[in-house]
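**Student:** Show me the folded form of this:
(4 chains)
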Number of protein chains: 2
Amino acid sequence: MKKPTLVDVGQEAGVSAITVSRALRQPEKVSDSMRAKVNAAVKKLGYVPDVAAAALASKRSNIIGMVVPSFSNNVFADVLAGAYDAIEGTGFTIQIGNVNYSALTEETLLPNLLNLRPVGLIVAGVDQTRRSKELLKMAACPVVQVMDTDSDPLDMIVGFSHSDAAATAVGHMIDMGFRRIGFLGARMDPRSQKRMAGYRYALEQRGLFDPALQVTTQSSSSVSVGGHLLADLLAIAPDCDAIFCNNDDIAVGAAFECQRRNLAIPRDMGICGFNDLGTAAEMHPRLSSVFTPRFEIGRRAVEMAVRAINGPLPAEDRIVDLGVELRVRASTNLANVS
Amino acid sequence: MKKPTLVDVGQEAGVSAITVSRALRQPEKVSDSMRAKVNAAVKKLGYVPDVAAAALASKRSNIIGMVVPSFSNNVFADVLAGAYDAIEGTGFTIQIGNVNYSALTEETLLPNLLNLRPVGLIVAGVDQTRRSKELLKMAACPVVQVMDTDSDPLDMIVGFSHSDAAATAVGHMIDMGFRRIGFLGARMDPRSQKRMAGYRYALEQRGLFDPALQVTTQSSSSVSVGGHLLADLLAIAPDCDAIFCNNDDIAVGAAFECQRRNLAIPRDMGICGFNDLGTAAEMHPRLSSVFTPRFEIGRRAVEMAVRAINGPLPAEDRIVDLGVELRVRASTNLANVS
DNA sequence: CTGTTAGCGCATTCAC
DNA sequence: GTGAATGCGCTAACAG
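**Tutor:** Down below sits the predicted model:
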């Protein structure tokens, strides 16, 4: 009553073990009658291949490794959800490594992941350490970088340009009539830095950039921090008339702070968030935000990795820019205020 | 220049392969001098054990399987974060399965997970299908159920009582003077059902239960849904003076809806959420909520699984009730209003 | 405390 | 299109 092996299935079907193996992995290389017999035997015995033995014999696992900076950040939770959605039915398995936003942790995690002989690797961002990049380049498997298309990929990449997205949002705010637009940011990981760069670029184009209006902290992002950040900004620059926030949590926290201070949104303070995670859109007033295709990024990353397992992708399929969608709502709509 | 094996390390150290294996896995069974030589050779060659070969030979992996209902729900994201935090340095690996809140998906996922020969299993909740429970019982490894202590465990369990938690919160609301307390719930998975039962129990104790005040939907939970749910409740019961919400998203959405309707919180409408995810505490006014120890649940689950790998835990350590913490804020504090 | 022998279950390579 | 032999890298069981 133990687990049936290929040999057991072979005996049941009256063929050799290797034929069973082939019938399962490369059905087209086996005659129809053979395949039918094998399938019947597999079903009858409830045979399930042993992944460890397969990995040992073939020197490759069915694992796609995925390294994420955090679980608690909704952005990566959505990417993960997309990835798990896409992995279904492929026969591959996702192995997650959590690096807590630390490039150094990533460096120690990668060798472990590589030791699993993954057939594909998905990593967040393009800002690995040099050593990490070397490891990824040496990895004998396709590598997909996700979230970020602001740099050239090691191998493949899917995401959007954080700087462009931020520049678009800030450009919109300028168009709406805001002139003293601040930047509120927490954690300030590489992608946040790029968003801040996009913010700066958009303002510089119009001669409106003022470095004093950028308020950031290294502590991790939260609604609560958003409130504090706005308080800090207002202490420095009471004439600030709008804020571009590095993410929605901060935007929401800043909006609450406005309510506490009786600052009317958008009349006294325009607000635009980033990611469009849900809460911002439901506030009163509703907050504008930049929607980012997180779930889709996860999906596509897995798809690209799986495709690339059977040979490298053509150059034009190796870089996928999914773009973003600026969602304008009441919080930046100065026109309707008077 | 290929990966060194145990044999290579053995040659380098002048011992047999098996001694190296032992020195690495059971250092105490090897003499000091031997261990030193082996460790030096391991370091020199950069030896890393092959997990596939180890799993095949020993019939057990280093994998702890974990099945979660969702990534996007912050609650499970925190549990995952805790689990990954605790796994560090144990030498074990977490393999996640996402079942999208579907007991049937869980049933098909479990055999795949079991095929990995996990040394431990962590599953969300106690409401598996009968077939899933059978699989879990047959699994030759410790099983930890998480989140929920409202039923007896299959093996081990860590979490809190959802019904008690809800009853406590609603009891508090009654004490504060609310009398027509509604229930707002989405998704209504088994744990949500238990919270609703606790809500009902608390009200029945005081003769205040009115079934018409329970408004739920099967659609998944979001801030937006919270607003709609409150609108529905108010249409049915305009005299409703407070709401206990199945989670914080709904509470926040309902609070926004109050703002849109110019209902003062808590004077016109008391609000209490569940989980205390952050946003609720920062709103204006701040929302009361029931804090749940999600991260700690993840940590403890891994710890229990790891401990149990070396033999079953004593009965008193197999059930861990971490409790919850009612966090009273302005949204239920009728006393300070008048 | 250390070494020898013998597989774990599968996939690769080569025959037929 | 199918099969036989061989070994992946490691550990269990036993021997010394």
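
**Student:** and the gap between the nearest residue to A:E12 once chain neighbours are set aside and A:V20?
**Tutor:** Excluding its sequence neighbours, the residue lying closest to A:E12 (CB to CB, 6 or more residues apart in numbering or on different chains) is A:A41, at 3.9 Å. For the C-beta atoms, the positions are set from N, CA and C on the backbone; glycine is no exception. Going from A:A41 to A:V20 by CB to CB, to the nearest Å gives 8 Å.

**Student:** Neighbour count for those two, which is higher?
**Tutor:** Legend: neighbour count by other CB atoms under 10 Å in any protein chain shown for A:A41 and A:V20, higher for A:V20 (28 against 21).

**Student:** Say whether chain B is contacted by the one helix or strand the more buried one maps to.
**Tutor:** Element membership for A:V20 (DSSP states H and E) is helix A:17-25. No. Helix A:17-25 stays clear of chain B (CB under 8 Å from any CB of the partner chain), getting no nearer than 14.2 Å.

**Student:** That helix close to DNA strand C?
**Tutor:** Yes. Shown here: helix A:17-25 in contact with DNA strand C (CB under 7 Å from any atom of the strand) through A:A17, A:I18, A:S21, A:L24, A:R25.

**Student:** Show me what that helix is in contact with.
**Tutor:** A:5-7, A:9-10, A:13, A:29-30, A:34-35, A:38-39, A:41-42, A:49 (CB atoms under 8 Å, 6 or more residues apart in numbering or on different chains).

**Student:** again, only this time at 10 Å
**Tutor:** The contact list for helix A:17-25, computed with CB atoms under 10 Å, 6 or more residues apart in numbering or on different chains, reads A:5-13, A:15-16, A:28-31, A:34-39, A:41-42, A:47, A:49, A:54, A:57-58, A:91.

**Student:** Now do that helix: distance to the chain's middle.
**Tutor:** Distance of helix A:17-25 from the chain centroid (CA atoms, centre = their mean, to the nearest Å) equals 37 Å.

**Student:** is that helix anywhere near DNA strand D?
**Tutor:** Yes. Counting by CB under 7 Å from any atom of the strand, contacts between helix A:17-25 and DNA strand D involve A:I18, A:T19, A:R22.

**Student:** and the first one, how many neighbours does it have?
**Tutor:** Just to be clear, that refers to A:I18. If we define neighbours as other CB under 10 Å, then A:I18 has 11 of them.

**Student:** Spatially nearest residue to the residue of the stretch 151-300 of chain A found nearest DNA strand D, not counting backbone neighbours?
**Tutor:** Nearest residue of the stretch 151-300 of chain A to DNA strand D, counting by CB to the nearest atom of the strand: A:D155, 24.5 Å away. Of all residues beyond its chain neighbours, the one nearest A:D155 is A:V143 (4.2 Å), with distances taken as CB to CB, 6+ apart.

**Student:** Now A:F160: phi and psi?
**Tutor:** phi -150, psi 170 (degrees, to the nearest 10).

**Student:** what's the pLDDT at the closest residue to A:L6 other than its chain neighbours?
**Tutor:** Nearest residue to A:L6 in three dimensions, chain neighbours excluded: A:A17, at 4.1 Å (CB to CB, 6+ apart). Here the pLDDT value assigned to A:A17 is 89.
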